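S.K.: What shape does this take:
(chains A, B, C and D)
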Number of protein chains: 4
Amino acid sequence: MARRRPGQSAIVTQRDEEDQVEILSGVFEGHSTGTPIALLIRNQDAKSKDYGHIADKFRPSHADFTYFAKYGLRDYRGGGRSSARETAARVAAGAIAKLLLQPLGLRIQAYVSQVGDLALTQSYSELDLRLTESNPVRCPDPLRAAEMEALIRQVRKEGDTIGGVVSALIQNVPAGWGEPVFDKLHAELGKAMLSINAVKGFEYGSGFAGVSMRGSAHNDLLYSEGTKAQTRTNYSGGIQGGISNGEDIYFRVAFKPVATLMRDQESLNEKGESVTVSGKGRHDPCVVPRAVPIVEAMAALVLADFYLRQQARHRENLTIFDLSKNKHA
Amino acid sequence: MARRRPGQSAIVTQRDEEDQVEILSGVFEGHSTGTPIALLIRNQDAKSKDYGHIADKFRPSHADFTYFAKYGLRDYRGGGRSSARETAARVAAGAIAKLLLQPLGLRIQAYVSQVGDLALTQSYSELDLRLTESNPVRCPDPLRAAEMEALIRQVRKEGDTIGGVVSALIQNVPAGWGEPVFDKLHAELGKAMLSINAVKGFEYGSGFAGVSMRGSAHNDLLYSEGTKAQTRTNYSGGIQGGISNGEDIYFRVAFKPVATLMRDQESLNEKGESVTVSGKGRHDPCVVPRAVPIVEAMAALVLADFYLRQQARHRENLTIFDLSKNKHA
Amino acid sequence: MARRRPGQSAIVTQRDEEDQVEILSGVFEGHSTGTPIALLIRNQDAKSKDYGHIADKFRPSHADFTYFAKYGLRDYRGGGRSSARETAARVAAGAIAKLLLQPLGLRIQAYVSQVGDLALTQSYSELDLRLTESNPVRCPDPLRAAEMEALIRQVRKEGDTIGGVVSALIQNVPAGWGEPVFDKLHAELGKAMLSINAVKGFEYGSGFAGVSMRGSAHNDLLYSEGTKAQTRTNYSGGIQGGISNGEDIYFRVAFKPVATLMRDQESLNEKGESVTVSGKGRHDPCVVPRAVPIVEAMAALVLADFYLRQQARHRENLTIFDLSKNKHA
Amino acid sequence: MARRRPGQSAIVTQRDEEDQVEILSGVFEGHSTGTPIALLIRNQDAKSKDYGHIADKFRPSHADFTYFAKYGLRDYRGGGRSSARETAARVAAGAIAKLLLQPLGLRIQAYVSQVGDLALTQSYSELDLRLTESNPVRCPDPLRAAEMEALIRQVRKEGDTIGGVVSALIQNVPAGWGEPVFDKLHAELGKAMLSINAVKGFEYGSGFAGVSMRGSAHNDLLYSEGTKAQTRTNYSGGIQGGISNGEDIYFRVAFKPVATLMRDQESLNEKGESVTVSGKGRHDPCVVPRAVPIVEAMAALVLADFYLRQQARHRENLTIFDLSKNKHA
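M.R.: Presented below is the predicted three-dimensional model:
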């Protein structure tokens, strides 16, 4: 939880949220019982009066207007469920999912690979991901991280915000996870990432760049190393036909610039009147450093589901009819 | 169905599939009855012997290996369910979804915006989408389309393949569709697109490019036109907080180069032995022209679901407790 | 909640549970917001030491053994999730469902119709259901109720328990609710009732007694009263083919005698050793008086679901093909 | 399929349906591939003109009126989806489920235990279930079966119909199957049975009769036989707290008298006018003999689901926190 928490460094929101998690059910004497594990994180630092200035105004590019259009009523305190605060629950749940996956040897690592125009040019295999936590940006290239941090500080000084990209790597997923049609492994990963606040895009393996490649360069040729099937390249991103092939799974997630600005903006109120929304409060100039653990948590939840789905399978193909007995079946 | 069908032009596979759809249930005297509408499309042109040369070999970057790893058995005839042939069913189902959405005024239009490195630079509003069907590439810019077609012909001549991008536009979705947390409208659209064969990426609104923008430029300011709330820009892509805001919804879908090549490739067989997979059969050098109706169909299916979910809502907020009666609730 | 609560009369358990409900989410300034309404009821009166005597023993005809077999671990304090305490959450959720159904005019009333061998012989239409709450048994026939109460007191004196039947009546459900195949209205009602602790049977309309009838007597003949279709009898119990027909829905639910006795019983412990389970604690000699609100709550939850499913329907049949245009479709 | 099929004996409908099953997908060279197994049974013997006399009339106690109320349109040929013909698909699917369960040693046997007032008084353990198929009624007591058959013939002669009860026994289900709250094993079995046409009630274990018992007689005391936990009685019907305990699972299903009579009946047409519905066609005077395989099939489908759900479980309890490390967790 600590990595998602506000106030952890100078480049993120200074809101003071303790993110105290209470386990309501499902754990007895330190062990899971099979009962759903309900986790409760109360909002400690939210004061309704802090939101009085936007109580009836729609903040641009927030969910204020769409919630009002859908529900006819909205909890204006921080956007209610549309608040990035909601992701605290995802990180807490992801921690349980990681406990489930750990004994299988799965490793899930996310890191910041772009802030504004400052992008890493290395692939994950050329980086030392152990350095991710060495700087507040969570970028494993310390030099690039320093530039990113300077950019974020500059943007904040201007009362503005900026977007970024989080990259993720999942290792040691056995071949065979994922479903073949609608619930493809990368489709569920994509949906999970797109469900995170501020996400605008998802690509895995070669992604959008793969579009320009020829098939002869893009195809991952198979060879064996001992008894294990391997691929010479990994443009597939560890997933073929929606099912893991045992290679590294990697993907990238695009985050838009944060919508809350320390500036005045033109907007409407609930009556449809023109109003000015003023910047106020404590917000992030760039969301990606805090998004790293959220991406990891969502990946862990998706993988935990596929692990259990894989467990659910009957282990043998059924003999529906015996061809030796029935020539004309 | 005709737009997805093979053999429709010189730049797609010449496989002869009639895609005859039989309605098995749910329609009586021309009208839907409420019973699920089951559609059956038989494979007419698949000959098992055509696949003999790959019966025990894994084609690189196909789902052959992963299906075998998952199920311990696979139907090698064209990849079974992993065949692009499976998308015929999506287009057929999408046609029904479109019937449902038509009376609401929704319009769904997809088009090819990139083949290899040849990309459209215009946004959808600068294009005349009525020209999409004027050329076999399904690109609404006829000059660019001609270049794309030439590239596809060149690639085919080399026995190779190439990727592309399909862009899509959805208009007249009312504000309020979509769910606020995991089933966000764009998350479900993304999952649906990523579930299509060969898709490697999805972005909506400003997408990956939005990462480099400042919030002050990216935010879509609200104003009213008559009684209707509008936004001055639409980087949000018509969706805020996972819920439609009434503006145009647009997104882009990346397709990798087709994995089936008319070339010899290194691979493994089911015993793990090194083998050569030879190119043979009738395949597309580039999938995007035929992917256009598939993208539209999947969009229609997702929107039909959200339309019905929106219908399901109780129309009024419940009064859970009356504050006037209970000061300490 | 008060009707399910322990300690409400002399014939139910004297355990002191306040059943304080905290609304965690989904309500803002007294109104539902569209966010899921999370309700929290903490166990106030459960002391782990009260359960020390059964910590490793399986109480006969409880879920102790089956939970242990399934999960390899169990929370022995009152059976954990298998405790009848779990039904407090059902009643709380049912109260919200009732708020949803109230404006539609739906009325859900349950009552005790049998305790041991003492059964009401009247149908619901011959009873004054307003008398249900006039006695602690919740039986609308006061004379029979007095006999039932005496029986329950006698059974308790013997340290024993006894079963009963709860009958229920649902009025003003419009014709058309329910799904036609697996999710039939009565099938979902049945599942919901069978999911309540201690329930052993469910029947609706003519039920098991209808087995002995001839079709000519059992069929509910249709006639019109003004513009409304009516049936002369109602052996169908208001549901035909899984879908409501606008008549009264009624059903009966069988509850077994409570498994917790104030007697010594032969059993096993977690090591498989023979042990004696002694009666101790505060328990109901007969569960049906307190089950009445639980049956109502589960009925309300099922009906709220079907109400929303019915809302979700597209209002018109689709014209799949126009017969006038295509003679050979 | 043969046991459900019409025309198999003198006491069931003489409609000639071949029930030819075509396997559309999921089977390759005699084995299941992991693809859903789609089975198609076409109506061979349904002639639209046979139903002309009821095209706009509601048959009493059929689903004609409720389908019309729900969908505004109905396929009047045999009731469309509400036809008992729909159960052919259940039996076909159940045959696949049985293939899945067979290697686990599960045994599912159903039989007729009551027709009209003629009821078996023996429990399943006092019957020789191998005799079930020795007579057209499918009652394992040949003497009682003869009486039942005579009653059915008599009822048919009168142009009338009669109800019955199907009992079922499931053996060798391991302890631990079923879910603890809403999806209790008996709740899902109950729902599945109640979803069968004409079913009015479901009870398991002691059922409605258990209501009159004292807890001291009803509780199933535990003892060990070797290493296996056993119960001295089995009023629980093999299920405690919604989870199997390894004992025999048994239940009873009530079927109403068939609604189609060879008599004139008062009713309404789609315009709300009074009409007479005349008996015509080929129908069963009593449904239970043909319902036996349907009950077995639905039980097999439910158990197959629970088998897979049980497979899905992570095999170990998670250590959520280590008490030895954290005294104040």
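
S.K.: Would you point out which residue is most central in chain A?
M.R.: Centroid-nearest residue in chain A: A:Val295, 2.5 Å away (criterion: C-alpha atoms, centre = their mean).

S.K.: so it makes contact with A:Met193?
M.R.: Yes. Shown here, A:Val295 and A:Met193 form a contact pair, counting by C-beta atoms under 8 Å, at 6.6 Å. Where C-beta positions appear, they are placed from N, C-alpha and C, glycine not excepted.

S.K.: what is in contact with the two at once?
M.R.: Listed contacts common to A:Val295 and A:Met193 are A:Val253; contacts here mean C-beta atoms under 8 Å, 6 or more residues apart in numbering or on different chains.

S.K.: With adjacent residues omitted, what lies nearest to the residue in the stretch 201-329 of chain A that chain D sits nearest to?
M.R.: In the stretch 201-329 of chain A, the residue that lies nearest chain D is A:Ala312 (3.6 Å; C-beta to the nearest C-beta). Spatial nearest neighbour of A:Ala312, excluding adjacent residues (C-beta to C-beta, 6 or more residues apart in numbering or on different chains): D:Ala312 at 3.6 Å.

S.K.: Mind pulling up the pLDDT for the one you found?
M.R.: Reported pLDDT at D:Ala312 in the predicted model: 90.

S.K.: ok now do it, which residues does it touch?
M.R.: D:Ala312 neighbours (C-beta under 8 Å, 6+ apart): A:Leu308, A:Arg309, A:Gln311, A:Ala312.

S.K.: Throw these into a markdown table and include secondary structure, thanks.
M.R.: Below are those laid out as a markdown table (DSSP: H, G, I helix; E, B strand; the rest coil):
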| residue | secondary structure |
| --- | --- |
| A:Leu308 | helix |
| A:Arg309 | helix |
| A:Gln311 | helix |
| A:Ala312 | coil |
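
S.K.: List only those of those flagged as buried.
M.R.: Among the contacts of D:Ala312, none is classed as buried by neighbour count (16 or more other C-beta atoms under 10 Å in any protein chain shown).

S.K.: Whether stretch A:19-30 contacts chain D - can you check?
M.R.: Yes. Stretch A:19-30 lies within reach of chain D by C-beta under 8 Å from any C-beta of the partner chain, at A:Ile23, A:Val27, A:Glu29, A:Gly30.

S.K.: quick one: that stretch to chain centroid distance?
M.R.: Stretch A:19-30 sits 24 Å away from the centroid of its parent chain (C-alpha atoms, centre = their mean, to the nearest Å).

S.K.: ditto for stretch A:256-273
M.R.: 25 Å.

S.K.: now do stretch A:59-68
M.R.: 22 Å.

S.K.: Need the mean per-residue confidence for it.
M.R.: Mean pLDDT, computed over stretch A:59-68, is 95.

S.K.: Ok, stretch A:132-152 next?
M.R.: The model assigns stretch A:132-152 a mean pLDDT of 98.

S.K.: Of the contacts of D:Ala312, just say which sits nearest to chain B.
M.R.: Out of the contacts of D:Ala312, the member with the shortest distance to chain B (by C-beta to the nearest C-beta) is A:Arg309, at 10.8 Å.

S.K.: Helices of the stretch 151-300 of chain A, start to end?
M.R.: A:185-194, A:215-218, A:288-311 (DSSP state H, counting those that start in this stretch).

S.K.: circling back to that earlier point, can you tell me which residues contact the residue lying closest to the residue nearest to the centre of chain A once chain neighbours are set aside?
M.R.: Leaving aside its sequence neighbours, A:Val295 sits nearest to A:Ala110 (C-beta to C-beta, 6+ apart; 4.3 Å). Shown in contact with A:Ala110 (C-beta under 8 Å, 6+ apart): A:Thr132, A:Val166, A:Ser167, A:Ala168, A:Leu169, A:Val292, A:Pro293, A:Val295, A:Glu296, A:Ala299.
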